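Novice: sequence-free structure coming up:
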């Protein structure tokens, strides 16, 4: 995002429950202890649930910034431990009063990266902390974290991309702009079925497409003619698939929902028309979602409401526009609800672009009960989805993750190759809890240039990182061709750690030499064999 560091760090201080064991996200509140700002922002404080102690030291690196140091949480029963560093941090001082009544306090927001360990098993995490304190006095705040391995699909309008995390690690792309096979034009909505097949609302091509993987295997499309008739769409912007494989399309340009049995259009049914009343939707709505019972939700943006119906017949229509009245509190209203999703517990999450800043709203049900809001930064939201652990994926301004309705992490520039606005339909892949081992390599090629026959070159290093939730096991690491290697990699690389392989070129004959570094492992993201291409040229001098 323009003007931002690697990650934007935004946190709303909320009360929260203890992190469930090995959830892919969690958080806790703290209060008490002492805090200081000198060569570092230093805080020692207590956590109530899970009961424990929290210490943080973020060395100051510039005016109101810090990084490095440590963030450590220990549970009192010894079962949980967070060991992390600050990737970045910001702090600000504010004062009030004058003379002897003058008081000054600080706010501190930091981004952390490290490991969360439960009963001796570690997983890599990323997270945020937000603290408020007066010097030498108690600190009050909240910290949130999620798994570092958070694979998701998204669209930039011209192609579909898959990334393993917010940094764009192992990112791959499929497709190009156009209206043929393997091409997209708009592609605002993405959904996955129970088999992991990818469905795309190919918006300006007026069609729905499905394919199996990021190679476009078994590509099939339905629609393609822009219009209001059966088998036609006009700017379809949202797509959802239920457990039976039925496909629901938000046909935004026709102000209707379409249901299909399959990608042949079997048992086509449509519901809705343009308008503001019951059974009506504003033109060009963008987001549709299903809950576990198969009920249908639409973010009816220009009508400033979220609508739920039981089925494609429109039974039990209900609209949510505002929070219920609460004594002593102002009612909250939806201003520009652009997207909606539903968590596994039935809570409803709404992306609202109205108000001072774009925000995510969480409610327990369609009455608006327990209305909770977290701002996600200045960039407008394009979409929202949720994974089984409850981590929210917000499209627009890159990809933003919302943890525990408090911590907000934003992606680095590799996610959004066309710019931070052009991110649509961010959709998480299903992963286990904790996630599997997730592997990244610092390079897929090494080139050694010229090397005299009978000698060995200086080594070049490949770094292997496990940013997953379980140990990465190596069955073998070997070089082929005129190359040799040394490694410090253990047989099992614990989550959140890295090791290296040093490769050298040792030609036995003159001429171009090709080889490989072959790594056999159990990574859950890249597969069982990784190959690094090696090249060099043997010379007689």
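Specialist: In hand now; what should we look at? All values reported here derive from a predicted model rather than from experimental measurement. Residues are numbered from 1 along each chain as shown.
Novice: How much space separates residue 62 from residue 482?
Specialist: Distance, residue 62 to residue 482, by Cβ to Cβ, to the nearest Å: 48 Å. Where you see a C-beta, it was placed from the backbone N, CA and C, and this is true even at glycine.
Novice: Show me which of those two is the more surrounded one.
Specialist: Set residue 62 next to residue 482 and count neighbours by other Cβ atoms under 10 Å: residue 482 wins out with 21 against 8.
Novice: how near is the closest residue to the more buried one other than its chain neighbours to residue 506?
Specialist: Take residue 482 and drop its neighbours on the chain: the residue closest to it by Cβ to Cβ, 6 or more residues apart in numbering is residue 513, 4.4 Å away. Remark: distance between residue 513 and residue 506 (Cβ to Cβ) = 10 Å.
Novice: Any idea what residue 81 is bridged to?
Specialist: residue 74, residue 117 (DSSP bridges).
Novice: Can you name the residues that contact it?
Specialist: Residue 81 is in contact with 72, 73, 74, 75, 116, 117, counting by Cβ atoms under 8 Å, 6 or more residues apart in numbering.
Novice: Spit out the contact partners of the second one.
Specialist: Residue 73 is in contact with 28, 47, 52, 53, 54, 80, 81, 82, 143, counting by Cβ under 8 Å, 6+ apart.
Novice: Same list (those residues) but as a markdown table, adding distance to residue 167 and pLDDT.
Specialist: Below are these laid out as a markdown table (distance: Cβ to Cβ, whole Å; pLDDT from 0 to 100):
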| residue | distance to residue 167 | pLDDT |
| --- | --- | --- |
| 28 | 25 | 93 |
| 47 | 28 | 96 |
| 52 | 29 | 97 |
| 53 | 30 | 97 |
| 54 | 26 | 98 |
| 80 | 26 | 94 |
| 81 | 24 | 95 |
| 82 | 20 | 97 |
| 143 | 21 | 95 |
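Novice: are any of these buried, and which?
Specialist: Among the contacts of residue 73, the ones that count as buried by 16 or more other Cβ atoms under 10 Å are 28, 47, 52, 53, 54, 80, 81, 82, 143.
Novice: If you count neighbours, what's buried in stretch 44-58?
Specialist: 44, 45, 46, 47, 50, 52, 53, 54, 56, 57, 58.
Novice: try stretch 305-316
Specialist: 305, 306, 307, 308, 309, 312.
Novice: How are the helices of the stretch 151-300 of the chain distributed by residue range?
Specialist: Counting by DSSP state H, counting those that start in this stretch, the stretch 151-300 of the chain forms no helices at all.
Novice: The nearest residue to residue 268 once chain neighbours are set aside - how many residues pack around it?
Specialist: Among residues not flanking residue 268 along the chain, residue 230 sits closest, at 5.4 Å (Cβ to Cβ, 6+ apart). Residues lying near residue 230 (other Cβ under 10 Å) number 10.
Novice: Between the two ends of stretch 472-492, how far is it?
Specialist: 5 Å (Cα to Cα, to the nearest Å).
Novice: For residue 7, report the pLDDT, please.
Specialist: We have a pLDDT of 30 for residue 7.
Novice: I meant residue 99, not that one.
Specialist: At residue 99, pLDDT is 68.
Novice: Kindly report the same for the one 10 residues further on.
Specialist: As predicted, residue 109 sits at a pLDDT of 96.
Novice: What of residue 135?
Specialist: Per-residue pLDDT puts residue 135 at 81.
Novice: secondary structure class for residue 302?
Specialist: When states are read from DSSP: H, G, I helix; E, B strand; the rest coil, the local structure at residue 302 comes out as helix.
Novice: shouldn't it be in contact with residue 282?
Specialist: Yes: checked against Cβ atoms under 8 Å, the pair residue 302 and residue 282 is within contact range at 3.6 Å.
Novice: So those two - more neighbours on which side?
Specialist: Neighbours per residue, other Cβ under 10 Å: of residue 302 and residue 282, the larger number sits with residue 282, 17 against 13.
Novice: what's the more buried one in contact with, if anything?
Specialist: 255, 274, 276, 300, 301, 302, 303.
Novice: any idea how far residue 60 lies from residue 481?
Specialist: To residue 481, residue 60 is 49 Å away according to Cβ to Cβ.
Novice: Surely residue 426 touches residue 383?
Specialist: Yes: the pair residue 426 and residue 383 passes the contact test of Cβ under 8 Å, sitting 6.4 Å apart.
Novice: Common neighbours of the two, please.
Specialist: In terms of Cβ under 8 Å, 6+ apart, residue 426 and residue 383 are both contacted by the residues 394, 395.
Novice: Mind giving me the PyMOL command for buried ones among the contacts of residue 81?
Specialist: To isolate the buried subset of those in PyMOL, counting by 16+ other Cβ under 10 Å, use the following:
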select buried, resi 73+74+75+116+117
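Novice: quick one: which of the contacts of residue 81 is nearest residue 125?
Specialist: Using Cβ to Cβ, residue 116 comes nearest to residue 125 of those, at 4.7 Å.
Novice: tell me the contacts of the spatially closest residue to that closest one that is not a sequence neighbour?
Specialist: Of all residues not flanking residue 116 in the chain, residue 125 sits nearest, at 4.7 Å (Cβ to Cβ, 6+ apart). When contacts are counted by Cβ under 8 Å, 6+ apart, residue 125 is found next to 82, 84, 112, 113, 114, 115, 116, 145, 146, 147, 148, 496.
Novice: Many thanks, have a good one.
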